[in-house]
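In: Pasted the sequence and its predicted model underneath.
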Amino acid sequence: AHSPCRPPANPNTPPPLLLPASPHPATMPRGDLAGQVNADATECIALWQDLEDITTQAIRTVTAHASKQFDPDITSTSEKAREHRETLVELLRLKEAAALHSAAMTTVKRDITSRLLDENAGDESLSDGYQSFLGPKLAALESKTFEASREYKTLDRTLRDADDEELQMEGGDAPINTKCPMTGAEIESAVKSTKCGHYYDLEGINGHIRASARAGGTARCPVAGCGSRVGKDDLERAPEVAHEQRRKKARATQTARESEGEEDVVEI
């Protein structure tokens with residue numbers, strides 16, 4: 001019996017074909033050899049499909065663990081999030097490589113078995129067809145990006161959910177308005193009132209307090225409907241505003257990428 005091929009450490013490198021070196025040695029009838037090749041190739045295909053199944057499960061695990069439930073420190077812009085994204089891309093590449101190897105072995109199995117059963121066919125190397133099938137596809141896989149894939153989008157949504165949980169822990173359930181109620185522009189230096197919790201740009205709120213402060217140095221909160229009064233001593237830094245601005249920017253960038261890359265997704 002001949003040893004079946006095994007998935008290599010690097011799936012982008014075609015493994016050695018441990019099938020018969022010659023398609024039909026004189027010691028084995030062509031029909032028997034065709035059966036042996038078919039059996040060995042079938043076992044190889046099963047191994048590659050097993051690897052594909054394992055990577056599929058690993059992809060699900062990576063996505064599931066990119067959440068506050070498993071890692072309270074994770075956000076979409078954290079170092080851990082970057083590691084999750086890189087790990088996912090490598091797993092997606094491995095999964096696709098395993099599928100390519102399985103397809104290549106299926107092609108070889110069909111073609112070689114057919115030639116062995118043809119009395120007029122000449123001898124050909126089994127590895128030639130395997131590597132000619134794989135070569136261009138593996139080269140393309142090396143440079144492929146996966147941001148438009150369904151799995152990558154799922155991970156990105158999970159990381160966005162982690163951002164939402166982070167903001168809820170920092171600022172409660174109320175949404176954060178990143179525009180200053182005084183200037184109407186995006187907040188540059190964010191502060192928050194300790195009295196009512198509304199956010200302002202430091203320069204805008206200081207100007208409002210100077211212009212309309214009563215004796216005692218306070219002015220009415222400029223947010224419509226808010227009856228609180230705010231003074232300079234009631235202001236504190238609000239880093240969560242910058243966090244929200246980064247999150248909005250990241251979402252806008254991702255949405256643009258998804259729109260541009262949707263047509264480029266190729267199913268294997």
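Out: Everything's here; your move.
In: going forward, measure contacts between C-alpha atoms and count neighbours the same way
Out: Noted.
In: His101 versus Asn38, what's the distance?
Out: In this view, Asn38 and His101 are 16 Å apart by Cα to Cα, to the nearest Å.
In: how about the helices in the stretch 51-200 of the chain?
Out: 79-116, 126-142, 150-171 (DSSP state H, counting those that start in this stretch).
In: could I get these as JSON lines with mean pLDDT and distance to Glu203?
Out: Below are the helices of the stretch 51-200 of the chain laid out as JSON lines (pLDDT from 0 to 100; distance: least, Cα to Cα, whole Å):
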{"stretch": "helix 79-116", "mean pLDDT": "86", "distance to Glu203": "33"}
{"stretch": "helix 126-142", "mean pLDDT": "78", "distance to Glu203": "50"}
{"stretch": "helix 150-171", "mean pLDDT": "71", "distance to Glu203": "22"}
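In: Look up the pLDDT of the spatially closest residue to Ala185 that is not a sequence neighbour for me, please.
Out: Distances taken as Cα to Cα, 6 or more residues apart in numbering place Lys179 nearest to Ala185, at 5.2 Å, with adjacent residues excluded. Predicted confidence (pLDDT) at Lys179: the value is 92.
In: Go ahead and confirm Lys179 touches Glu186.
Out: Yes - between Lys179 and Glu186 there is a contact at 4.3 Å, judged by Cα atoms under 8 Å.
In: coming back round to it: so which of the helices of the stretch 51-200 of the chain is nearest Arg237?
Out: In terms of Cα to Cα, the element of the helices of the stretch 51-200 of the chain nearest to Arg237 is helix 150-171, at 12.5 Å.
In: Any stretches of the stretch 151-268 of the chain with poor pLDDT?
Out: For the stretch 151-268 of the chain, applying pLDDT under 70 flags the ranges 162-175, 215, 258-268.
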